[in-house]
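Q: return a 3D structure for these sequence lines:
(2 chains)
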Amino acid sequence: MKKNKPKTRMSYKFLFALPFFIFMIMMVVVPLSLLFFYAFFEDGSFTFAHIQYFFTDSVSVRILFRSLGIALLATVIAILIAFPIALGLATAGFKRSHTILMLFIMPMWINLLLRSFALRELFGIIGVERGLFALVFAIVLDYLPLAIIPIYVVISGTSKKYIEASQDLGANPTQVFTKTILPLSVPGIMAAFLLVFTPAISTYFLVQYFGDNSTRMLGWLLFQLNINSEFGRASVISIALLIIVVLTILITNRLSKRGNKRGGLW
Amino acid sequence: MTKEAVKKKNLETIIELKNLVKVFGKQTVVDDINLKIKKGEFVTLLGPSGCGKTTILRMIAGFEMPSDGIIYLEGTDVTKIPPHKRNVNTVFQKYALFPHLDVFNNIAYGLKLKTNPRLSKAEIKQRVDEKLKLVGLAEYGHRDIDSLSGGQQQRVAIARALVMEPRVLLLDEPLGALDLKMRKEMQLELRRMHREIGITFIYVTHDQEEALTMSDTIVVINDGLIQQVGTPKQIYDKPVNAFVANFIGESNILGGTMLEDHKVKFLGQTFRCDGKGFCKNQPVDIVIRPEDITILSVTDKNAELKGTVISSTFMGTYYEKAVLANDYEFTIQSVDEVKEGTEVGLTIKPGDIHIMSMETTINEYETYMTGEDTLEISGVYFQTAHAIEKTETGDEPFKKGDPVTARIAFNHVEIVDDENDGTIGGYVTQSIYKGSYYNVNVWTDNDTLFIVNTPYEWDTDDRVGLIIKPENIIVERREETEEE
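A: Here you go, the predicted model:
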């Protein structure tokens, strides 16, 4: 009897994890399996046809590179805008820097659809055409808070003592920035990159709203293929997106580790 | 250079602080400090936390701008020069080593920024290696900062500051984060480095033992004021006031009266002492170090005091005894073991009874009447009985707005636990046992000091209330100096 006791206790404890496992199987394992199934099977037999089509079709390759380009452009612009804001909020010693930060973050709590409606109306009034500029502008505007937060957190967590140590060793204000503040905020910049780039590359709705024929991205293509019930080719694009996201995570993590040995992104 | 020339050069003043003041908001942290530091000295700024010592150091480094006063470095006014242009370097309290750089690059950080003249790579490497060797980390150049122990990080921080070849090295409680053994080791190390390189060290600490073992000169600071400047021996043997005596080493502090030169009365008895030049019957503080009291047998005719041993603790090399005599609990350190409960006689050499004049003997406030019988002290209105009496004796009554001096004797202020039970609240900043009573300092939120003599001990940093009876406030008209 005694010997069995630990075993029963184990299975008893396992019950608590069961809902989580069922959820994970339903929401992660099954969809992923379906994804791979659709990508590699046609009429019950194994095939590379969908993959081959994706990489040989000039339209889908162009859309892949265009997506990478637009997402990269929007991310870089978002970080370039976010960095001075975060730096100012974290170091200028405002009494209510948290409140000001909230003001920058607040738009995120309003539904994306509503915000985009408003922006499109605004563009309509001032006469901005649909196209690359409108699309990038919309992506930057939507994801700017996601860029500000991690940079702000890292810089405000970078203790004032490093800045003082830097001054003490003869660094003028510019050198304090380039030799101390900037290298120490690399993890924040990398986190910002990840948080903006990954949703930006798969954006569908904003493309539909602000883009034109020249700005079609992977999300849009995915949508079109799904409408045409081309699940095989759609699955390949989904897998491509998945790979891009995983690679982004790996690269940013590596870069932020090199920038700050104290730990990776998270 | 001849020996005399070296000596003369060493006596030059390298840093001078002139009427230095620093105010944060309403609080005066550094209050009109004047100090000269000689070249090559190991100077320690010693005081309890919050006394202003770190602020002084930060002003010398350039991180804080003085509210008033001038800082001279080698005779030049550097008060308004930013930190990166001052030829002083700091070893920070928590090291502040750059986490994104390895040991070598942390130390080379400042050298790489130098432009006049720009240093070659080989030169930088040579200087960094030299300093790594000085701090005993020759093989550690390529290590990550977070792979080092606290003591090693401390050494890197010292090397990083020293490699800049500063005129003055500032050390802000650099050993505070280390464990006891490591701290002792680093004390000796720092002392050795100071001897080897011969530059001026300004060291900030709250640890009196550290200050006594390491320094050439100790500057004792309290409440933003310099209490005493001297060699460790001077500070220990001849503390100028009860604060210094209480802060440096263990001591028996008693209140007494100076009867005449070389004669002092305390604990109801008259003792011979070295003190002279006091007024007749002047109230004084008396300090007797625990090792300066000799225990005799109770029947010995040389015994000046008789008492009972109430505790005896072995401290490794000596016994620390508490002896109750004439209602005062003496702390005595000696190598002899005496059993608890033993009746003993005590004797103190006249030279070991240190007399200190009390700076203040009464609480005194310059203020204004806010009504015929009310006045304001530290933002609170107090009733005064004496103002009324004055009217009855035919004197001119006080009017609202009259300038007055209010005096309250130390033993006429009562301390209560609950702030709301008192007229005014504040923090206890000092509590010194003086034989039969405690001398307690209470600072109110308006930065006003009330000194209280009370039979009870109050813990420092505790929030307390003060009660002052109207009849105990002595009011006197004050001639106001005309303001333009």
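Q: return the distance of the closest residue to A:Pro107 other than its chain neighbours relative to A:Tyr209.
A: Using C-beta to C-beta, 6 or more residues apart in numbering or on different chains and skipping residues adjacent in sequence, the residue nearest A:Pro107 is A:Arg115, 6.3 Å away. The C-beta positions use only the backbone N, C-alpha and C, and glycine is treated the same way. A:Arg115 is 10 Å from A:Tyr209, where distance means C-beta to C-beta, to the nearest Å.
Q: who's more crowded, the two?
A: Legend: neighbour count by other C-beta atoms under 10 Å in any protein chain shown for A:Arg115 and A:Tyr209, higher for A:Tyr209 (19 against 15).
Q: is that one part of a helix or strand, or is it coil?
A: Using DSSP: H, G, I helix; E, B strand; the rest coil, the structure places A:Tyr209 in helix.
Q: surely it meets A:Ala138?
A: Yes. Between A:Tyr209 and A:Ala138 a contact is recorded at 7.1 Å, counting by C-beta atoms under 8 Å.
Q: overlap in contacts, those two.
A: Common contact partners of A:Tyr209 and A:Ala138 (C-beta atoms under 8 Å, 6 or more residues apart in numbering or on different chains): A:Ser116.
Q: anything in the helix or strand B:Thr54 falls within near chain A?
A: Element membership for B:Thr54 (DSSP states H and E) is helix B:53-61. Yes. Under the criterion of C-beta under 8 Å from any C-beta of the partner chain, chain A is reached by helix B:53-61 at B:Ala61.
Q: after that helix, next one along is what?
A: Helix B:53-61 is succeeded, C-terminally, by strand B:68-73 (DSSP H and E).
Q: mean confidence score for that next one?
A: For strand B:68-73, the mean per-residue pLDDT is 93.
Q: residues touching the next helix-or-strand element following it, excluding its own?
A: Next helix or strand after strand B:68-73 toward the C-terminus (DSSP H and E): strand B:76-77. Residues outside strand B:76-77 that contact it (C-beta under 8 Å, 6+ apart) are B:Ile70, B:Ile71.
Q: how about stretch B:17-32?
A: B:33-36, B:52, B:55-56, B:59-60, B:64, B:66-72, B:223-225, B:446-447.
Q: now do the same end-to-end measure for it.
A: Across its full length, stretch B:17-32 reaches 9 Å between end residues, using C-alpha to C-alpha, to the nearest Å.
Q: circling back: what is the host helix or strand of the residue nearest to A:Pro107 packed up against?
A: For A:Arg115, the host element (DSSP H and E) is helix A:112-126. Contact analysis of helix A:112-126 by 3 or more C-beta pairs under 8 Å, 6 or more residues apart in numbering or on different chains; DSSP states H and E lists helix A:132-157, helix A:205-210 as its packing neighbours.
Q: of all those, which one comes closest to B:Pro350?
A: helix A:132-157 (60.9 Å; C-beta to C-beta).
Q: now the closest one and helix A:112-126, what's the angle there?
A: 130 degrees (axes from the mean of the first three to the mean of the last three C-alpha atoms, to 10 degrees).
Q: what residues does the helix or strand just after helix A:132-157 touch?
A: Proceeding N to C from helix A:132-157, the next assigned helix or strand is helix A:160-168, under DSSP H and E. The contact list for helix A:160-168 (C-beta under 8 Å, 6+ apart) reads A:91, A:175-176, A:179-181, A:184, B:61-63, B:82-84, B:89-90, B:92, B:94, B:96-98, B:109, B:161.
Q: quick one: mean pLDDT for helix A:160-168?
A: Computed over helix A:160-168, the mean pLDDT rounds to 90.
Q: as JSON lines, the helices and strands packed on helix A:112-126 with mean pLDDT and distance to chain B would be great.
A: Output for these, formatted as JSON lines (pLDDT from 0 to 100; distance: least, C-beta to the nearest C-beta, whole Å):
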{"stretch": "helix A:132-157", "mean pLDDT": "91", "distance to chain B": "11"}
{"stretch": "helix A:205-210", "mean pLDDT": "90", "distance to chain B": "36"}
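Q: enumerate the residues of chain B near chain A.
A: Listed as neighbours of chain A in chain B under the rule C-beta under 8 Å from any C-beta: B:61-63, B:82-85, B:89-90, B:92, B:94, B:96-100, B:109-110, B:113-114, B:144-146, B:160-161, B:164.
Q: now the buried members of the contacts of stretch B:17-32.
A: B:33, B:35, B:52, B:55-56, B:59-60, B:64, B:66, B:69, B:71-72, B:223-225 (16 or more other C-beta atoms under 10 Å in any protein chain shown).
Q: nearest to B:Thr231 among the residues you listed?
A: Comparing these against B:Thr231 with C-beta to C-beta places B:Leu35 closest, at 15.2 Å.
Q: helix, strand or coil for that closest one?
A: Going by three-state DSSP, the secondary structure assigned to B:Leu35 is strand.
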